[in-house]
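Undergrad: Need a 3D model of the following:
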Amino acid sequence: MIGKRNIGNVAAIGGSAAAIVLLTGLLAARADELADLRANMELLQKLIDQLAQAPPAQYAQGALPEAKAGPGQPVVAGSFPRSFLIPGTDTSIRIGGFAQADVLYYIKGAQTSGQLNGQGGINNQTFYDGQGGTGNLPSIPLNNSINHSKSSAFDISPRTSRLLFDARTPTAYGEVDAYIEFDFAYNNTNVNQSNASSTAQAFYTRLRKAYGTFAGFEAGVDTSILHDSDADPELADFGGGATSAGRSRQTELKYTYAGPYGTIFTAGLENPEPQFSGPFGAVQIDTNQIPNIAACSVTGNTAANLPADTACLGNQAFFSPLVAAIPEFIGTARINQPWGHVQLGAVVRTDRFNDGQFFERTYMGFGGALTGDTHPFSGTPGPLGKDDFGFTACLGQDTGNQCNNGTGPVTNFGAPILVPGLGPGGSTVAVNPLTSAAWNTANSLTRQLYDGVVRTSPSGSYGGQIWYQHWWTNELRSTLEFSGIYNALNTSILGVGNTNNKILAMGHANLYWSPVAFVDFGAEYAYGHRVTVANFKGDAYTLEGLMRVRF
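TA: Residues are numbered from 1 along each chain as shown. Sure, this is the predicted structure:
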């Protein structure tokens, strides 16, 4: 009995212990569950607090939220893609741009700099982002020059990297926009790599765009009114084609009206940029310096009453009488359709000469442009539906750079001219303003007679561009581009010097790969051709690659 009782006690004790252990485990488990539940409740409360601060559902339909000021506010999506709302305001802002590196190899035709008396320094830093129309093309070394034999120039450049800020605010007059954009492609003309830049690169920031919009009006620096960006091909060459309609960017004031059936009408004015073709080449009003015909000597070019260390500069741009007097007036009409678009534009401008003495003339220039693009396989499934064909035609009289690489009036002002009445008995004497002290004397007879025989004439420009982009896959695409411009210049006034371009032509062929939506790799071959009024020719061949990451 006693043995059975002991066995029963042991069993009871063991069962009680097991029950206690089980109960303890259940209580511990329940405590963990309660802790987890409490943590989940705290997290849920935080989410509820955040939702209470977030914009109501109706803002998803396009209304803007009333943001609260103060730190710790959630980031709210803005009113346009990739933008966010600035806390405490109803302004949406986007910060974007891209980082890019260009690899450029000149097989032939790189422009030289001032080393070796203008024969050296092939790695010129002015045009090392491409040989296109706004780059090296107008200055390709001619085949009759020493420079044409120089080749194999190589450079890697990050200067085309870009940074932008876009801020938009709704008002009763519509959305108001403020836009600013920079890159680092400031042209440090005719400068070679220095010791400092061979150790650490130092590039200057350049303002590309800065404008504001209000109720259809826009003022500031933006793409030229005549220029049609949607008709531009995708090129690695930063200089673009040989010509285009309108300048890349210009300070302007314009008004845009959106009409029915996809029509858009724009009218405005731009800063005047007068130019002419003269004995020393093409001259714009902002020309800094044109190299002298002969080497400069301090001792040979210093007057007796000047100190011996007087600066000796090759500055024939002193003989530019251009005046920026009247803005350039431009208008465009455009229609957008699912298959593409077409734009028609016109410009009226002036080139005014005034040397401050007896030479004053004004020429009225005008031009027209037809641009557009079309998707020949629009609606076709797959990448073929993205194929695009674009075109540009630009022509007129004294168009200046409203037809890129176009010309202004032709003049022989500044060149040596035979002037009657200055020699003995009223005979003819050759006057060279570069060396004539009498010409530089105010109100002198020499200058008066010289200005009286200066000849000027208008010129014509006729340019065009065509291109086709084919999509091999959704990530792989190619563009083939051809462009050229012909300038009709009066050689009886210019003479047959080899500095003024009659024909400029270019061709590009490239392959782009975008493994993800915001990354591009590109490889491109380009050919440039130049013909002067004296029929001297120059050719350039380049290979270019790029890597671009947008943000």
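
Undergrad: thought S244 was touching G132?
TA: No. S244 lies out of contact with G132 (Cβ atoms under 8 Å); the separation is 9.9 Å. The C-beta positions use only the backbone N, C-alpha and C, and glycine is treated the same way.

Undergrad: Name all residues that make contact with S244.
TA: 133, 227, 232, 392, 394, 403-404, 463, 465, 483 (Cβ atoms under 8 Å, 6 or more residues apart in numbering).

Undergrad: Inside strands: which ones of those?
TA: Of these, the ones assigned to strands by DSSP state E are 392, 394, 463, 465, 483.

Undergrad: Report the two of these separated the most.
TA: C394 and S483 (10.3 Å; Cβ to Cβ).

Undergrad: tell me, what's touching the two both at once?
TA: By Cβ under 8 Å, 6+ apart, the residues touching both C394 and S483 are 243-244, 463-464.

Undergrad: Counting neighbours, which of those comes out on top?
TA: Ranked by neighbour count (other Cβ atoms under 10 Å), the shared contacts of C394 and S483 have S244 at the top, with 32 neighbours.

Undergrad: That one and P420, how far apart?
TA: To P420, S244 is 45 Å away according to Cβ to Cβ, to the nearest Å.

Undergrad: OK, contacts around the spatially most central residue of the chain?
TA: Nearest to the mean C-alpha position of the chain, by Cα atoms, centre = their mean, lies S248 at 5.8 Å. The contact partners of S248, taken as Cβ under 8 Å, 6+ apart, are 134, 223-224, 227, 240, 404.

Undergrad: how about a cut-off of 7 Å?
TA: 134, 224, 227 (Cβ atoms under 7 Å, 6 or more residues apart in numbering).

Undergrad: now do G545
TA: Counting by Cβ under 7 Å, 6+ apart, G545 has contacts 103, 236, 522-523.

Undergrad: try 10 Å this time
TA: Taking Cβ atoms under 10 Å, 6 or more residues apart in numbering, we find G545 in contact with 101-105, 156, 236, 510-511, 521-524.

Undergrad: Of those, which belong to strands?
TA: Assignment to strands by DSSP E places the following of the contacts of G545 there: 101-105, 156, 510-511, 521-524.

Undergrad: Okay, and the beta partners of the nearest residue to A258 once chain neighbours are set aside?
TA: In space, A258 comes closest to I264 once its chain neighbours are excluded; the distance is 5.5 Å by Cβ to Cβ, 6 or more residues apart in numbering. In this entry, I264 is beta-bridged to A258, R334, by DSSP bridges.

Undergrad: I264 and R334 touch, don't they?
TA: Yes. In terms of Cβ atoms under 10 Å, I264 counts as a neighbour of R334; the distance is 4.5 Å.

Undergrad: Off-centre distance for stretch 246-256?
TA: Its chain's C-alpha centre and that of stretch 246-256 lie 13 Å apart, by Cα atoms, centre = their mean, to the nearest Å.

Undergrad: typo on my end, stretch 499-516
TA: The answer for stretch 499-516 is 15 Å, by Cα atoms, centre = their mean.

Undergrad: Please apply the same query to stretch 347-364.
TA: 29 Å.

Undergrad: re earlier: tell me the one among the contacts of S244 nearest to E475.
TA: For these, the nearest to E475 is D232 (21.5 Å; Cβ to Cβ).

Undergrad: The closest one: neighbouring residues, count only.
TA: 20.

Undergrad: My read is that it contacts H508, right?
TA: No. The criterion here is Cβ under 10 Å, and D232 misses it with H508 at 11.8 Å.

Undergrad: The contacts of S248 into JSON lines, with extra columns for neighbour count and distance to L322?
TA: Listed next are the contacts of S248 as JSON lines, based on neighbours: other Cβ atoms under 10 Å; distance: Cβ to Cβ, whole Å:
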{"residue": "T134", "neighbour count": "23", "distance to L322": "20"}
{"residue": "S224", "neighbour count": "26", "distance to L322": "20"}
{"residue": "H227", "neighbour count": "26", "distance to L322": "23"}
